[in-house]
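Colleague: Just the structure for this:
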Amino acid sequence: MKTNKWFLYSGVIWALLFAGMSFYWAMGGMFGVKSLGGAIYEQALNPEPSFIAIVWITGFIKLFGAVLLIILLIKWENSRIQKILYFITKFSGIFLFLYGLFNFITIAFSSIGVLNLELDRYSIFWRLVFWEPYWMIGGIFYFYSIKKLKVNR
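Modeller: Alright, predicted model coming up:
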């Protein structure tokens with residue numbers, strides 16, 4: 001498996017920053033939460049234990065994403081492991097990019113009145129300028145972290 005180190009290390013940093021934000025919010029931090037808007041912001045103002053648990057879980061899932069990229073640096077002799085890692089990483093990249101893109105599109109439609117997502121102007125701005133592009137950039141990092149699958153038989 002041939003990796004693209006720049007994309008791989010950028011993806012690890014991306015995932016660690018993303019996980020760090022979730023852990024910060026799970027511990028009660030409020031900086032940046034208003035930029036998410038909607039129900040997430042409302043729940044963060046007076047969080048239920050189940051909401052806090054979900055935020056912790058999302059932090060660990062994001063942390064797992066960094067681990068996934070780091071294990072791509074291991075020289076695996078088993079071609080099955082190489083294939084699995086290759087496809088998981090490519091799928092993850094596509095998923096992250098499309099998730100950000102579809103959110104971007106729906107929030108853009110909401111901003112012009114086509115959809116009603118009950119987001120204020122502040123959160124619409126930050127979702128379109130930061131959050132959804134952040135997802136898409138992460139997808140690009142994951143997708144391009146592996147240049148090609150080269151299986152030794």
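Colleague: where along this protein do the strands fall?
Modeller: Assigned by DSSP state E, the strands in the chain fall at 2-3, 146-148.
Colleague: Redo the ones you listed as a markdown table? Include mean neighbour count, mean pLDDT and distance to Ala66.
Modeller: Heads up, the C-betas are built off the backbone N, CA and C, glycines and all. Converted to a markdown table, these look like this (neighbours: other Cβ atoms under 10 Å; pLDDT from 0 to 100; distance: least, Cβ to Cβ, whole Å):
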| stretch | mean neighbour count | mean pLDDT | distance to Ala66 |
| --- | --- | --- | --- |
| strand 2-3 | 13 | 88 | 14 |
| strand 146-148 | 15 | 86 | 15 |
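Colleague: For Glu42, find the nearest of these.
Modeller: Minimum separation from Glu42 across the strands of the chain (Cβ to Cβ) falls at strand 146-148, 39.4 Å.
Colleague: In its sheet, which strands sit next to the closest one, and in what direction?
Modeller: With DSSP bridges as the test, strand 146-148 is paired with strand 2-3 (antiparallel).
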